[in-house]
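Colleague: heads up, no residue letters with this:
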Ligand SMILES: [Zn+2]
């Protein structure tokens, strides 16, 4: 009985908590967040995990808040403790600062994307992500686009360069990056559009 009560308290606590940010990458997270004023009142829980399937970071709506109105949702960004680069294991927190900022900026792009969607739409979106390669590309490119529109292009490009310039990088991984994410040319296009819209307004 007591145990259940504690669990319940813990759950309510995480439901209503403000963003939680690990101390070791606090600065990088805060810099990335500064590009997204729209997320100021959105609780985001950043959390290190031992391992994340197939990726280094992952953004998702928190289960507890899922059935609330979309404006009241909170989100989790899980960060793998280590990254495997060219057969070498690197602690994520020790990656170059700008690379980490770009990576976090991309995940925040996913959060921007999720917060525009209704609950039903999100369930459907999650399903398609599991089932269709094209849909993964659509979701990843949308996250990159939000990041670039928010002004994070410098970091997004640095992160991409960092990944692609690793010696001995797995060819399959390069193909995956090229397939799912925006190319530098596409990023330039978004920047040009964004800036010409800015100069009109
Ligand atoms: Zn992504």
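Modeller: Cool, got the structure. Source: prediction; values computed, not measured.
Colleague: is the longest helix anywhere in the chain anywhere near the ion?
Modeller: In the chain, taking DSSP state H as the definition, the longest helix is helix 97-115. No: shown here: helix 97-115 not in contact with the ion (CB under 5 Å from the ion), separated by at least 5.5 Å. Where C-beta positions appear, they are placed from N, C-alpha and C, glycine not excepted.
Colleague: Also stretch 42-59?
Modeller: No: using CB under 5 Å from the ion, stretch 42-59 stays clear of the ion, coming no nearer than 7.1 Å.
Colleague: Near the ion, which residues of this protein? Just list them.
Modeller: In this structure, the chain approaches the ion at residues 140, 143, judged by CB under 5 Å from the ion.
Colleague: would you list every one of the helices in the chain?
Modeller: Secondary structure of the chain (DSSP H): helices at 2-16, 26-34, 97-115, 119-131, 133-149, 153-164, 171-180, 184-200.
Colleague: now, of those helices, which is deepest in the fold?
Modeller: Looking across the helices of the chain with neighbours counted as mean count of other CB atoms under 10 Å, the highest average goes to helix 97-115: a mean of 23.
Colleague: Quick check: end-to-end length of stretch 128-138?
Modeller: Its first and final residues considered, stretch 128-138 spans 10 Å by CA to CA, to the nearest Å.
Colleague: now swap in stretch 30-48 and tell me
Modeller: Stretch 30-48 has an end-to-end distance of 16 Å (CA to CA).
Colleague: now stretch 146-165
Modeller: First-to-last residue span, stretch 146-165, CA to CA: 24 Å.
Colleague: to the chain's geometric centre, what's the distance from that stretch?
Modeller: Mean-position distance between stretch 146-165 and its chain equals 12 Å (CA atoms, centre = their mean, to the nearest Å).
Colleague: what ranges of this structure fall below the confidence cut-off?
Modeller: 1-17, 86, 167-168 (pLDDT under 70).
Colleague: how about the helices of the chain, which one is nearest residue 64?
Modeller: Distance to residue 64, taken as CB to CB, is lowest for helix 2-16 among the helices of the chain, at 4.6 Å.
Colleague: Identify the residues contacting residue 75.
Modeller: By CB atoms under 8 Å, 6 or more residues apart in numbering, residue 75 lies in contact with 42-45, 59-62, 111, 114.
Colleague: of these, closest to residue 178?
Modeller: Closest approach between those and residue 178, by CB to CB: residue 59, at 21.6 Å.
Colleague: can I assume that closest one is in contact with residue 105?
Modeller: No: in this structure, residue 59 is not within contact of residue 105 by CB atoms under 8 Å, at 11.2 Å.
Colleague: on that earlier part again, of the helices of the chain, which is nearest residue 71?
Modeller: helix 97-115 (7.7 Å).
Colleague: Who are the packing partners of that closest one?
Modeller: For helix 97-115, the packing partners by 3 or more CB pairs under 8 Å, 6 or more residues apart in numbering; DSSP states H and E come out as helix 26-34, strand 57-61, strand 75-80, helix 133-149, helix 153-164.
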